[in-house]
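# fold the stuff below for me.
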Amino acid sequence: MGGDHGVSVTLPACRNFLRSHPDARLVLVGMPERIGIPGDDRMTVVAATEVVGMDDPVEVALRKKKDSSMRVAVQQVKDGAAQVAVSAGNTGALMAISRYLLKTMDGIDRPAIATQLPNARGGATTVLDLGANVDCTAEHLLQFAFMGSALVSVLRDTGNPTIGLLNIGEEVIKGNDTIKRAGELLRAADAAGALRFHGNVEGNDIFKGTVDIVVCDGFVGNVALKATEGVASMIGDFLRSEFSRSIWTRAAAVVAYPVLSAFKRRVDHRRYNGAALLGLRGLVFKSHGSADSLAFEQALARAYDAARNQLLDRVQTRIALARPLLAPGAGSAPSGSSTQENA
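As a prediction, this is how the structure comes out:
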């Protein structure tokens with residue numbers, strides 16, 4: 001029911017997803033009169049009488065709309081009726097509802113949002129956090145690294161992916177106190193064999209594919225995500241504008257079109273849609289609110305792969321192994337710093 005387009009996007013995406021995943025089943029949560037008859041015995045409908053609006057405050061979604069499609073969907077995961085929930089709705093509300101119903105794993109203070117951004121190697125770099133936590137302690141960033149490592153091990157079947165800490169330079173002495181302290185914790189974890197820490201990386205390393213995972217706070221990560229999404233749109237606008245100009249610019253555009261189209265497809269954020277809410281005791285994936293049918297189908301496929309490959313168990317295993325490094329009280333902020341969460 002959520003997102004900018006609702007059932008006009010989600011229903012076609014569900015049908016397309018099932019065509020390519022014959023062993024999958026979907027539970028459609030929302031208003032039956034708007035969903036209609038699914039027309040496929042692998043799709044069932046669970047009724048919900050309310051919808052969380054994209055502009056609804058978190059308090060409204062969490063405390064007043066207790067029969068919203070978003071809340072009922074996450075409840076399906078909690079009750080074991082579904083293995084993973086996917087929503088294109090209000091991000092803050094989804095995080096708050098998921099955290100309230102599913103709770104966080106032992107050793108994790110805050111869930112993080114993780115997704116993939118395309119890189120020059122032809123693959124993708126996993127980045128977290130992408131907006132759940134604006135202000136983070138060094139210990140939070142260490143927790144994100146362990147969760148991201150588990151996610152990538154599922155997505156790529158990679159045993160020990162490389163991790164970079166986003167900074168203003170590669171040198172150890174650079175960055176604020178939080179980043180320097182996070183670097184120390186990550187180097188200690190690497191020395192203990194708990195994960196592979198590459199070191200500090202810069203913003204361009206995300207798109208170079210220097211490392212498998214880039215860890216940062218939610219403010220920085222969200223800015224990087226939005227910048228990436230704008231690239232494909234900019235190229236599309238450029239191609240359309242050049243074809244509408246003089247015969248000479250149209251001729252130049254024709255020559256450049258194959259290269260620009262291939263690049264546009266590579267950086268097309270729709271192909272990477274579907275962000276995992278990591279650190280919860282249940283699987284929840286967030287689709288972009290403006291997703292079209294192709295993008296929402298990609299989010300379903302990513303969530304399906306996570307459930308099929310037991311992402312939840314892998315995250316729990318990695319966190320359990322890392323527990324000696326995640327000391328009690330590790331999530332507490334140093335004096336004078338903020339730990340406000342952007343719910």
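
# for residue 311, what are its contacts?
150-151, 154, 276, 283 (Cβ atoms under 8 Å, 6 or more residues apart in numbering). Backbone N, C-alpha and C define where each C-beta goes, glycine included.

# residue 146 too?
189, 194-195, 315, 318-319, 322, 326.

# please repeat the previous calculation with a cut-off of 6 Å.
318-319, 322 (Cβ atoms under 6 Å, 6 or more residues apart in numbering).

# filter those residues down to just the ones in strands.
Applying DSSP state E to these, no entry is found in strands.

# out of these, which one sits closest to residue 112?
Proximity to residue 112 was ranked across the contacts of residue 146 by Cβ to Cβ; first place goes to residue 319, at 12.5 Å.

# tell me how far the residue nearest to that closest one when sequence neighbours are not counted lies from residue 139.
Nearest non-adjacent residue to residue 319, counting by Cβ to Cβ, 6 or more residues apart in numbering: residue 107, 4.8 Å away. According to Cβ to Cβ, to the nearest Å, residue 107 and residue 139 sit 10 Å apart.

# settle it for me: which of those two has more neighbours?
Neighbour count, other Cβ atoms under 10 Å: between residue 107 and residue 139, residue 139 has more, with 23 against 20.

# that's a strand at the more buried one, yeah?
No: read with DSSP: H, G, I helix; E, B strand; the rest coil, residue 139 is helix and lies in no strand.

# what separates residue 170 from residue 204, distance-wise?
Residue 170 is 11 Å from residue 204, by Cβ to Cβ.

# the more surrounded of those two?
Using other Cβ under 10 Å as the criterion, residue 170 and residue 204 rank with residue 170 on top: 15 against 9.

# what strand or helix carries the spatially closest residue to that one that is not a sequence neighbour?
Of all residues not flanking residue 170 in the chain, residue 200 sits nearest, at 4.8 Å (Cβ to Cβ, 6+ apart). Take DSSP states H and E as the rule and residue 200 turns out to sit in strand 196-201.

# average model confidence for the next helix or strand after that strand?
Using DSSP H and E, the helix or strand that follows strand 196-201 in sequence is helix 203-208. What helix 203-208 shows for mean pLDDT is 92.

# what of stretch 66-80?
pLDDT averaged over stretch 66-80 gives 97.

# list the buried residues in that stretch.
68-77 (16 or more other Cβ atoms under 10 Å).

# can you put the residues you listed in TSV and add distance to residue 114?
Formatted as TSV, the buried residues of stretch 66-80 follow (distance: Cβ to Cβ, whole Å):
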residue	distance to residue 114
68	24
69	24
70	20
71	23
72	25
73	20
74	18
75	23
76	22
77	18
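
# ok, so of these, who is nearest residue 308?
For the buried residues of stretch 66-80, the nearest to residue 308 is residue 77 (15.0 Å; Cβ to Cβ).

# does that closest one touch residue 280 like I think?
No: look at residue 77 against residue 280 with Cβ atoms under 6 Å: they stay out of range, at 9.0 Å.

# rewinding a little: farthest pair within the buried residues of stretch 66-80?
Pairwise over these, using Cβ to Cβ, the maximum falls at 68 and 77, 14.7 Å.

# pull the number of nearby residues for residue 123.
11.

# backbone dihedrals for it, please?
As for residue 123, its main-chain torsions (degrees, to the nearest 10) stand at phi -110, psi -140.

# nearest spatial neighbour of it, skipping sequence neighbours?
Closest to residue 123 by Cβ to Cβ, 6+ apart is residue 209, at 6.2 Å.

# give the contact list for the one you found.
Counting by Cβ under 6 Å, 6+ apart, residue 209 has contacts 119-121, 125.

# most neighbours among these, which one is it?
residue 125 (26 neighbours).

# I'd say that one and residue 115 touch.
No: under the criterion of Cβ under 6 Å, residue 125 makes no contact with residue 115, lying 9.9 Å away.

# how does this protein divide into domains?
Listed domain ranges for the chain are 1-105+279-324, 109-270 (source: automatic domain parsing).
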